[in-house]
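1. Need coordinates for the following:
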Amino acid sequence: MEQSERLLLVPGGYPLWIDVPQASIDGAATAMRFELPLHGHNLPLMHRRESKWVVALKGELEVRTGRQRQVLLREGEAVKLQAGTAHRIHQHGAHPSTVGIVLWPGAVEQAFRELAALAASPGFAREAMVDILDRYAVVWTNRAHEAGVQHFDVHTLGECLETLAPQIAQPLMLKWTPPALLNPIA
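-> Model prediction:
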């Protein structure tokens, strides 16, 4: 099995692993994971082009829009976020959490690679980070929604994987099921 690529998006932040690179499936999607320490959270983002599965691979996650909790995911549960849904993922509970993310289409992965290069360079600036995200139609925002109403239905990891094309679902079954999570290749 191919090793996952490790990226650090913010100096001193926590790493992100690319488990299924978009180049390996002709840009159709990308899959990644990251750990959230106690009280940790990711950046407040809205993807204008990509839909997204958020999966609690380990521990519990709270998915928020703005300041409002929309859903609490327990280990092995997932929620699908439509393009245009502003969101932030928070660790929940007494133990660190591992977040799985599937984005489609997968071109936004390149933004994360550019953020990692920026984080590794001297003079890191939040404004430069926002500019990179903007080029890939990702907005740094705390707003709740851009348009319409998002329904936050909880699914199992298995149900999530069943909705994906085999070229992304099969590697994730190997990397995101309990044996792979207990002994990650990263």
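
2. Give me the below-cutoff pLDDT ranges for the protein.
-> Across the chain, the ranges flagged by pLDDT under 70 are 1-2, 143-149, 178-186.

3. quick one, phi psi at the residue nearest the centre of it?
-> Using CA atoms, centre = their mean, the residue of the chain that lies closest to the mean C-alpha position is Ile101, 3.5 Å off. When quoted as degrees, to the nearest 10, the phi and psi of Ile101 stand at phi -130, psi 130.

4. now swap in Pro44 and tell me
-> Given degrees, to the nearest 10, the pair of backbone angles that Pro44 has is phi -80, psi 110.

5. all helices for this protein, in order.
-> Assigned helices in the chain, in chain order: 109-120, 126-135, 157-162, 166-176, 178-182 (criterion: DSSP state H).

6. what packs against the second one?
-> Going back to what we said before, that points to helix 126-135. Judged by 3 or more CB pairs under 8 Å, 6 or more residues apart in numbering; DSSP states H and E, helix 126-135 is in contact with helix 109-120, strand 138-140. All C-beta atoms are positioned from the backbone trio N, CA, C, and that covers glycine.

7. Now find how far off-centre that helix is within its chain.
-> 17 Å (CA atoms, centre = their mean, to the nearest Å).

8. Run through who's touching that helix.
-> Under the criterion CB atoms under 8 Å, 6 or more residues apart in numbering, residues Val10, Leu45, Ala111, Glu114, Leu115, Leu118, Val139, Trp140 lie in contact with helix 126-135.

9. how about those in a markdown table, adding distance to Leu61 and neighbour count?
-> Shown next, in a markdown table, are those (distance: CB to CB, whole Å; neighbours: other CB atoms under 10 Å):
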| residue | distance to Leu61 | neighbour count |
| --- | --- | --- |
| Val10 | 19 | 15 |
| Leu45 | 15 | 18 |
| Ala111 | 22 | 19 |
| Glu114 | 26 | 18 |
| Leu115 | 21 | 23 |
| Leu118 | 26 | 18 |
| Val139 | 21 | 16 |
| Trp140 | 20 | 14 |
